[in-house]
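Undergrad: Predicted model and sequence follow; I will ask about them next.
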Amino acid sequence: MPEHAQRRAPVPEPEKAADAKELAFEELRHMIVSPEQEQIVEIRSRIESPERRIEDVSAVVAEAIQMRRERGDAAALSQALAPTVQETLRESVQKDPHVLAEALFPVMGPAIRRSITETLRSMIESFNEALEHSISVQGIQWRIEALRTGKPFAEIVLMHSLVFRVEQVFLIHRETGLPLEHVTTPAVATQDPSMVAGMLSAIQQFVRDSFASQGESLDSMTVGGLEVWIDEGPHAAIAAVIRGHAPADYRIALKECLEAIERAFGAAFDDFRGDTSPFRAADARLQALLITQHRERQGTIRKPRMVIGGSALVVAIIAGWISYVTYDVHRWTNFARSLGAHPGIVVTSFEKSGGRWHIHGFRDPLAIEPADELIRNGLDARDIDFELAPFYSLDDVIVTQRAEKLLAPPSGVNLSEGRGTLSVTGTAPSAWMAKFRDRAFMVPGVTLIDASSLRDSEIVSLEATVLTFPVGGAQLEPGQQEATARVESDLKAILEYAGETNQQAAFSIIGHTDSTGIEGPNQLLSNQRAAAVASTLIRRGIPKSTLTVRGVGTSEPLRPEDTEEGRQLNRSVTFRVNLSPVSATP
């Protein structure tokens, strides 16, 4: 029955006819509207697809640029294209600088040759100037001026004959103020490039901040007898330190050099993170800026006699000066050598500058005073400066002195150090010995301790003590209270020392008799004497466990019995001490 309920009812004929009409209508509409819809889809695809738009624009871009230029909008077009062209050139130089270098070769070659020619000419002029005035009257006057003022002769010649000289050139990273490269003229005193670069950058920033000028900067300044010319680029600044008055065209040379560096090191500037090594290649360009120009020489009439006399005077002056300098150098060199030979003093350098000698090095606080060594050598302390930094010397003598100062050994104890081992000999109280073992390694330079020859003074005293007894008696002779008290004190000191050094102390009390009498009773008597002393010590606080009683009768005599004094010493009690490490508890 359910199956009959799911069957569809037959479709009447009129409904089939209606569907056929609707289908025919759809086909007619498709034939009429379909072409326009396909065109709309095509237009939409060209508008929405970037690839299709790029293809369309590329077909007319050249004609569009030409049309814009013909309409008179060339300036606007150049302004729009300039960033792209600049970035393209930058990328081209970074990828392959040879392409641009080959294009600029006709311009670079003459400029390099001209720079080399000017440098050689300046060097030859400087040499000729010094040679010309070395044996002339004017040269003698200049030498006298040099001696009077304390300036070198070359500096005097330079001062009188120089028009200008570029002594230093700095290449400075504009953003960070770090020196990228620094070149100097030979024999010119220089300062720390980082300090100078930082100072110039700070001054430039001060000028901008003070005058609210971001586009302008300081282009020159005067420092004493020097002028500093500064030129800035997008990434770097170049600064030239000039003595004298440089011509205006030298600033053009600065600008051209900076522009060349900006072009050559564009990638290095973009990737700069503080590493200046890529800019060492700019050294040749900066060296070309170290220019020296002298005054033109005027013709002079030289008289042979005057030249000969002047030459003789100059030779005499030079010979005397060389003799004095040689003697002075020899004297101070010997002093520096003798000073460095003392334990605890290390001389690293020795030089003369500013008219004074300077000794650099290190000095241990326990070493000798350099001023005392000056007095012993007959030298003036006003002629020298000591720049000796403190340090701990490992010389054996100094380490021994340091150990004696820190450990304060008592009388009878000797300390010596060699190759890091501190050796101690003699006898010392147990309290000092305990502190010595703890503090010896605190002495700089001590790595090992040799105390094999060090004896405990309490042990020595105890083992040297002899308590005597009357003939046949087991009680101490009268008058030995002081000796008994000393034995008690020594025992307690030894026990305390053993506890501090993690050792176990054991004491043997040995009884003796003289040779008179029978051996059997003598053996018993010696035991009684040792036991009597042990009882006395136990009553005075000595632990019983540390005492061992032993009678030896006449078997271990202390003295020959050819005198009464010898027999008395054999009627006695002596002591032996044994120290052993405390065994670890399992």
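TA: That came through, no problem. Residues are numbered from 1 along each chain as shown.

Undergrad: What about Tyr324, how many residues nearby?
TA: Here the number of neighbours of Tyr324 (other C-beta atoms under 10 Å) works out to 10. For every residue, glycine as well, the C-beta is placed using N, CA and C.

Undergrad: how about it, what does it touch?
TA: Tyr324 makes contact with no residue, according to C-beta atoms under 8 Å, 6 or more residues apart in numbering.

Undergrad: ok, now how distant is it from Arg331?
TA: Using C-beta to C-beta, to the nearest Å, one obtains 11 Å as the distance from Tyr324 to Arg331.

Undergrad: pLDDT averaged over the helix or strand containing Asn527 - what is it?
TA: Following DSSP states H and E, the helix or strand that holds Asn527 is helix 519-539. Per-residue pLDDT over helix 519-539 has a mean of 90.

Undergrad: what do you get for stretch 143-163?
TA: The predicted confidence, averaged over stretch 143-163, sits at 67.

Undergrad: Spell out for me which residue occupies the centre of this protein.
TA: Among the residues of the chain, the smallest C-alpha distance to the mean C-alpha position (C-alpha atoms, centre = their mean) belongs to Ala389, namely 14.6 Å.

Undergrad: Show the subsequent helix or strand relative to the longest strand belonging to the chain.
TA: In the chain, assigned by DSSP state E, the strand with the most residues is strand 162-173. Once strand 162-173 ends, the next helix or strand along the chain (criterion: DSSP H and E) is strand 179-184.

Undergrad: can you give me the angle whichever helix or strand comes after that following strand makes with strand 179-184?
TA: Going down the chain from strand 179-184, the next helix or strand is helix 193-211, by DSSP H and E. Between helix 193-211 and strand 179-184, the angle formed by their directions is 110 degrees, by axes from the mean of the first three to the mean of the last three C-alpha atoms, to 10 degrees.

Undergrad: now for helix 193-211, which elements pack on it?
TA: strand 162-173, strand 179-184, strand 226-232, strand 236-244 (3 or more C-beta pairs under 8 Å, 6 or more residues apart in numbering; DSSP states H and E).

Undergrad: Other residues contacting it?
TA: 170, 172, 174, 177-179, 182, 213-214, 216-218, 221, 228, 230, 232, 237, 239.

Undergrad: Now do the strands in the stretch 401-550 of the chain.
TA: For the stretch 401-550 of the chain, the strands defined by DSSP state E, counting those that start in this stretch occupy 413-418, 421-428, 448-456, 467-468, 503-511, 547-551.

Undergrad: Tell me the gap between the strand or helix carrying Ser338 and the middle of its chain.
TA: Counting by DSSP H and E, the element that carries Ser338 is helix 304-340. Between the mean C-alpha point of helix 304-340 and the mean C-alpha point of its chain there is a distance of 39 Å (C-alpha atoms, centre = their mean, to the nearest Å).

Undergrad: List the buried residues in it.
TA: Using 16 or more other C-beta atoms under 10 Å as the test for burial, helix 304-340 gives 310, 314, 332, 335-336, 339.

Undergrad: end-to-end on stretch 470-479?
TA: Terminal residues of stretch 470-479 are spaced 12 Å apart (C-alpha to C-alpha, to the nearest Å).

Undergrad: quick one: average pLDDT of that stretch?
TA: Mean pLDDT, taken over the full extent of stretch 470-479, equals 88.

Undergrad: before we move on, the earlier item: figure out which of the helices and strands packed on helix 193-211 is closest to Thr292.
TA: strand 162-173 (4.3 Å; C-beta to C-beta).

Undergrad: tell me the angle that closest one makes with strand 236-244.
TA: Going by the same axes, to 10 degrees, strand 162-173 is angled at 160 degrees with respect to strand 236-244.

Undergrad: how about the nearest residue to the residue nearest to the centre of the chain, chain neighbours excluded?
TA: Phe362 (5.2 Å; C-beta to C-beta, 6 or more residues apart in numbering).

Undergrad: what stretches of the stretch 151-300 of the chain score poorly on pLDDT?
TA: Filtered on pLDDT under 70, the stretch 151-300 of the chain yields the residue ranges 151-162, 187, 211-216, 295-300.

Undergrad: neighbouring contacts of the helix holding Asn527?
TA: When contacts are defined by C-beta under 8 Å, 6+ apart, helix 519-539 is touched by residues 467, 469, 472, 474-476, 484, 487-488, 491, 509-513, 544, 547, 549-554, 572-573.

Undergrad: Sort out which of those are buried, if you could.
TA: 467, 469, 474, 476, 484, 487, 491, 509-513, 547, 549, 551-554, 572-573.

Undergrad: Counting neighbours, which bits of stretch 458-474 end up buried?
TA: Under the neighbour-count rule (16+ other C-beta under 10 Å), stretch 458-474 has 458-459, 461-463, 465-469, 474 buried.

Undergrad: wait, stretch 234-241
TA: When burial is assessed from 16+ other C-beta under 10 Å, stretch 234-241 yields the following buried residues: 235-241.

Undergrad: Equivalent analysis for stretch 494-514, please.
TA: Taking 16+ other C-beta under 10 Å as the basis for neighbour counts, the residues of stretch 494-514 that come out buried are 494-495, 497-498, 505, 507, 509-514.

Undergrad: And the residues you listed, which is closest to Leu28?
TA: Compare each of the buried residues of stretch 494-514 with Leu28 using C-beta to C-beta and the shortest gap goes to Ala498, at 126.9 Å.

Undergrad: any chance of the strands of the stretch 401-550 of the chain in a markdown table, plus distance to Val346?
TA: Compiled in a markdown table, these are given as follows (distance: least, C-beta to C-beta, whole Å):
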| stretch | distance to Val346 |
| --- | --- |
| strand 413-418 | 18 |
| strand 421-428 | 22 |
| strand 448-456 | 24 |
| strand 467-468 | 59 |
| strand 503-511 | 42 |
| strand 547-551 | 57 |
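
Undergrad: Relative to Val347, which of these is closest?
TA: strand 413-418 (23.0 Å).

Undergrad: Show me what that closest one is packed against.
TA: helix 396-407, strand 421-428.

Undergrad: can you do 10 Å?
TA: In this structure, strand 413-418 packs against helix 396-407, strand 421-428, helix 430-439, strand 448-456, with contacts taken as 3 or more C-beta pairs under 10 Å, 6 or more residues apart in numbering; DSSP states H and E.

Undergrad: Give the other helices and strands that the first one contacts.
TA: The reference is to helix 396-407. strand 413-418, strand 421-428, helix 430-439.

Undergrad: now that helix, how far from the chain's geometric center?
TA: Between the mean C-alpha point of helix 396-407 and the mean C-alpha point of its chain there is a distance of 29 Å (C-alpha atoms, centre = their mean).

Undergrad: buried ones in it?
TA: Within helix 396-407, the residues that qualify as buried are 396, 398-404, 407, counting by 16+ other C-beta under 10 Å.
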